[in-house]
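1. build me a model:
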Amino acid sequence: GADFALEIKGKFRMASRIVLNPIPLRDLQRFHHSVINNFNETETLVDAISARPGFYGPNPVAVLSLKARRPNLHLEDLNEALINDRTLLRVGAFRGALFLVSTSDYPLYFRALHTVLRRTATERLEKEGISDNHLARYAHRLKEADFPMPLAHEQLMDIMYPGLEKRPGLNTERLILRKLCDKGVLVRTTFKGWKSNNFFYALFNRWLPDINLTMDNPEPARTELVRRYLRSYGPASPDDISWWTGLPPLHVQRVITQLGREVLKYPIEGLPTELIGLRERVDTLRNPPENSRPIQFLPLWDAYTLGWRDHRRLVDEALLPWIYDANGNAVSVIVDEGRIIGLWQFRDSDRLTFEYHVFEHERARLPEVLKRLEEHAAVLAELSSARTTQIIERELPPPLSERGPGAFIWPLGKEPLYRSGSSQREEDDRSPMERRHTNTYVRKYLDGKYVVTSSAEGNAVQEDADSEPEPPPAPKKGGKKKSRKGNSQAQSA
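-> Numbers count the residues shown, from 1 in each chain. Next up is the predicted model:
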């Protein structure tokens, strides 16, 4: 645990006078790894997500983030919570983006963030001639229809645009459905497969008749939201809190004032900014729970890599250009007790190809990485129904900024190192993140200084027809050989 002491100025006259000695950054990383990246065996899936807000909602990221923490999780478990028990929801929340949240938590987040959600995608809809009055009319028509079962996109459009009424373009229609979900009119329900985001939608009040959404009295809800953020991601800076929640800095400062003696200042060695955290976390930070799984393979847009605006707490600053692009997108990373030590990616088809790179100064951890890597590759192979597996070590490619706007999807390069035929080539050139229309963002991740937004239901957005990123060149030099037994093939780069 962390080796630091509490110094008390005076004789416990004011709890707010507690001063912490500087905490080593490595201890902070271990603490966050134990809290955010490890699920307790006794926790249900819903409890685990509720205790750690910030799990991204779109597939396949949602599934990959959960499988990284609970490898024995089955898709049926997630479906059970989302569809049958209805104890989990995919909803617009923090930063106005789509997240997995506990159904019991959603009324709190709705109250706290309704102003954030109200402005999400509004400007883009207005450019298409869709105003609040239009959205109110669509909501009225949907409620009048009172459909008992979830409907697909086209079925909803038939209700919202009856007869010969002119419909907008497909992307605008998706934005409309997103806004109606953000307003609590609709809710995303069923979907097909672990990579699909083609949701069916239900009326919120029919799907969850006992849940009441209200925008009244948001201040206590914002205070509880920040408290929950700090419980998982604290200590953090006010700028981190504002960025992650989407709340304006002034609101965040007001909440911190309201928290009063619940929070302390935490000095962290190696970080220039003094951070604030909950007083209740002091002992846990000093003696964090043991990390049963120190090495983990987290997907892009994971809760951990997008937990703070300042990313220097996760990795050496010199390596940040390989982990975050200019728009704030985070790549798939290998973490060792909270510190990022490498990159990974995979290609799923009949043969699952798992590619990895461990940073040079972290090579001492390579044996443990390879052990855990084989385990995780087997988890992904089962998930994607792959018949064989190959593991390839790749060299570090150029930074993301030198490889085009979609490079974060392929942190080790899109071009496969080995080709086996035309049909396999087509499969190898496609990432699981690119398989569905709703999986890839190439628009800016940050929309405004403090609000992080996504495209309509996470669909691929192209700046224009000529802005498609070209595949980065394949590394030319060889890598290390890794032998495998059984039906998997060993390859070297």
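2. which residues in the stretch 301-450 of the chain form strands?
-> Using DSSP state E, counting those that start in this stretch, the strands of the stretch 301-450 of the chain run over 333-336, 339-347, 351-358, 388-393.
3. CA atoms only for the third one - export them in PDB, please.
-> Output for strand 351-358, consisting of C-alpha atoms alone and laid out as PDB, is shown next (Å, rounded to 0.1, in the frame of the first residue of the first chain):
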ATOM      1  CA  ARG A 351      -8.800 -17.200 -37.000                       C
ATOM      2  CA  LEU A 352      -8.400 -14.700 -34.300                       C
ATOM      3  CA  THR A 353      -5.200 -12.700 -34.600                       C
ATOM      4  CA  PHE A 354      -4.000 -11.000 -31.300                       C
ATOM      5  CA  GLU A 355      -1.300  -8.400 -31.800                       C
ATOM      6  CA  TYR A 356       0.600  -6.700 -29.000                       C
ATOM      7  CA  HIS A 357       3.600  -4.400 -28.200                       C
ATOM      8  CA  VAL A 358       5.200  -3.900 -24.800                       C
END
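4. that strand pairs with which strands?
-> Strand 351-358 has its sheet partners listed here by DSSP bridges as strand 339-347 (antiparallel), strand 388-393 (parallel).
5. and L175, which of the strands of the stretch 301-450 of the chain is closest to it?
-> Nearest to L175, of all the strands of the stretch 301-450 of the chain, is strand 339-347, at 29.7 Å by Cβ to Cβ. (Glycine included, C-beta is placed from N, CA and C.)
6. CA atoms of that closest one as PDB?
-> Once non-C-alpha atoms are left out, strand 339-347 reads as follows in PDB (Å, rounded to 0.1, in the frame of the first residue of the first chain):
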ATOM      1  CA  ARG A 339       0.200   1.800 -15.400                       C
ATOM      2  CA  ILE A 340       0.000   1.600 -19.200                       C
ATOM      3  CA  ILE A 341       2.900  -0.600 -20.400                       C
ATOM      4  CA  GLY A 342       1.900  -1.500 -24.000                       C
ATOM      5  CA  LEU A 343      -0.700  -1.600 -26.800                       C
ATOM      6  CA  TRP A 344      -2.800  -4.400 -28.300                       C
ATOM      7  CA  GLN A 345      -5.400  -5.000 -31.000                       C
ATOM      8  CA  PHE A 346      -7.100  -8.000 -32.500                       C
ATOM      9  CA  ARG A 347      -8.700  -9.200 -35.800                       C
END
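7. how far off centre is it?
-> Relative to its parent chain, strand 339-347 has a centroid offset of 16 Å by Cα atoms, centre = their mean, to the nearest Å.
8. what separation is there between D325 and L343?
-> As judged by Cβ to Cβ, to the nearest Å, D325 and L343 stand 13 Å apart.
9. give me the phi and psi for D348.
-> Main-chain torsions, D348, degrees, to the nearest 10: phi -110, psi 130.
10. I misspoke; the intended subject was L100.
-> According to degrees, to the nearest 10, L100 has phi -90, psi 120.
11. mind starting the numbering at 542 from now?
-> Shifting the count to begin at 542 puts that one at L641.
12. okay, and the beta partners of it?
-> Residues in a beta bridge with L641, per DSSP bridges, are R631.
13. how about the contacts made by it?
-> Taking Cβ atoms under 8 Å, 6 or more residues apart in numbering, we find L641 in contact with 590, 596-598, 603, 629-631.
14. can you check I782 too?
-> The neighbours of I782, taking Cβ under 8 Å, 6+ apart as the test, are 767, 770-771, 788, 793, 796-797.
15. among those, who's most crowded?
-> Greatest neighbour count in these, by other Cβ atoms under 10 Å, goes to V767: 29 neighbours.
16. test my guess that that residue contacts V793.
-> Yes. Counting by Cβ atoms under 8 Å, V767 does reach V793; the two are 6.9 Å apart.
17. quickly list what's touching both of these two.
-> Here V767 and V793 share the contacting residues 782, 786, scored by Cβ under 8 Å, 6+ apart.
18. F640 is in contact with F596, correct?
-> Yes. Counting by Cβ under 8 Å, F640 is a contact partner of F596 at 6.2 Å.
19. next, count neighbours for N758.
-> Using other Cβ under 10 Å, N758 is surrounded by 8 other residues.
20. how about the one 10 residues further on?
-> Other residues within reach of R768 by the criterion other Cβ under 10 Å amount to 17.
21. distance from the chain centre to the host helix or strand of it, please.
-> Per DSSP states H and E, R768 falls inside helix 759-774. Centroid separation for helix 759-774 versus its chain: 18 Å, with Cα atoms, centre = their mean.
22. what of stretch 876-886?
-> Averaged C-alpha coordinates place stretch 876-886 at 16 Å from its chain's average position (Cα atoms, centre = their mean).
23. do the same with stretch 874-894
-> Chain-centre distance of stretch 874-894: 16 Å, with Cα atoms, centre = their mean.
24. repeat that for stretch 620-639.
-> Taking mean C-alpha positions (Cα atoms, centre = their mean), stretch 620-639 and its chain are 13 Å apart.
25. ditto for stretch 594-609
-> For stretch 594-609, the distance to the chain centre is 6 Å (Cα atoms, centre = their mean).
26. end-to-end on that stretch?
-> 16 Å (Cα to Cα, to the nearest Å).
27. now that stretch: mean pLDDT?
-> The average pLDDT within stretch 594-609 is 96.
28. and D646, how close does it get to Y597?
-> Using Cβ to Cβ, D646 is found at 16 Å from Y597.
29. of these two, which one has the most company?
-> Set D646 next to Y597 and count neighbours by other Cβ under 10 Å: Y597 wins out with 23 against 20.
30. tell me the contacts of the more buried one?
-> 603, 606, 638-641, 842-844, 847.
31. would you mind listing the buried residues in the helix holding R768?
-> Neighbour-count burial for helix 759-774 flags 759, 762-774 (criterion: 16 or more other Cβ atoms under 10 Å).
32. remind me what it packs against, helices and strands.
-> Packing partners of helix 759-774 (3 or more Cβ pairs under 8 Å, 6 or more residues apart in numbering; DSSP states H and E): helix 566-577, helix 647-660, helix 779-786, helix 790-800, strand 816-819.
33. mind doing that once more with 7 Å?
-> helix 647-660, helix 779-786, helix 790-800, strand 816-819 (3 or more Cβ pairs under 7 Å, 6 or more residues apart in numbering; DSSP states H and E).
34. make a markdown table out of these and add distance to K707 and mean pLDDT.
-> As requested, the helices and strands packed on helix 759-774 are exported to a markdown table (distance: least, Cβ to Cβ, whole Å; pLDDT from 0 to 100):
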| stretch | distance to K707 | mean pLDDT |
| --- | --- | --- |
| helix 647-660 | 26 | 95 |
| helix 779-786 | 38 | 97 |
| helix 790-800 | 40 | 96 |
| strand 816-819 | 52 | 96 |
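35. out of those, which gets nearest to P940?
-> Closest to P940 of those is helix 779-786 (Cβ to Cβ; 22.4 Å).
36. give me the nearest residue to A927, chain neighbours excluded.
-> L893 (3.7 Å; Cβ to Cβ, 6 or more residues apart in numbering).
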